[in-house]
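# the sequence and its predicted three-dimensional model are supplied below.
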Amino acid sequence: MKRLKRKTTVEMLWPYVLNLLRERPMYAYELRDAINEKFGFRPPMVSCYLVLNKLEKQGYTSSEWKDQRGRPARKYYKITPKGMELFKQVGSYFRELAEKLSS
């Protein structure tokens, strides 16, 4: 069971990221904390950056740098329409899977 939980959380981080970015744009460190708060696990920071970069390259997210009043700028990510469509597909897939497993 421990392995299954790891496979469906830390090793499959991108659906969680898209879920949170539907709410509002976030930067990587903020996303990591939000994943922990909402879903109950804390992914490695490097994993967040890798997932965000991959999602952006594939067009599921976009980003922009924002100044932080005297601190270094932060890169905020937001979900794109293509990312919203992917998230809907993921939700459908998991609902169907849960239905099949529970029957």
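Happy to help now that I have it.
# who's in contact with the nearest residue to F87 once chain neighbours are set aside?
Of all residues not flanking F87 in the chain, L18 sits nearest, at 4.4 Å (Cβ to Cβ, 6 or more residues apart in numbering). All C-beta spots, glycine's among them, are computed from the backbone N, C-alpha and C. L18 is in contact with 55, 60-61, 79, 83, 86-87, 90, counting by Cβ atoms under 8 Å, 6 or more residues apart in numbering.
# got a PyMOL select line for the buried ones in those?
Filtering the contacts of L18 down to the buried ones (16 or more other Cβ atoms under 10 Å) takes a single PyMOL command:
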select buried, resi 55+60+61+79+83+86+87
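# same question for the helix or strand hosting the residue nearest to F87, mean pLDDT?
Element membership of L18, judged by DSSP states H and E, is helix 14-21. Average pLDDT, helix 14-21: 98.
# likewise stretch 78-88?
Rounded mean pLDDT across stretch 78-88 is 98.
# alpha carbons of it, as CSV, please.
Extracted as CSV, the C-alpha positions of stretch 78-88 are listed here (Å, rounded to 0.1, in the frame of the first residue of the first chain):
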residue,chain,number,x,y,z
LYS,A,78,-1.0,29.5,-14.1
ILE,A,79,-3.1,26.8,-15.9
THR,A,80,-3.8,27.3,-19.6
PRO,A,81,-7.0,26.2,-21.4
LYS,A,82,-5.1,23.2,-22.7
GLY,A,83,-4.2,22.4,-19.0
MET,A,84,-7.8,22.7,-18.0
GLU,A,85,-8.8,20.2,-20.6
LEU,A,86,-6.1,17.8,-19.5
PHE,A,87,-7.3,18.2,-15.9
LYS,A,88,-10.9,17.3,-16.9
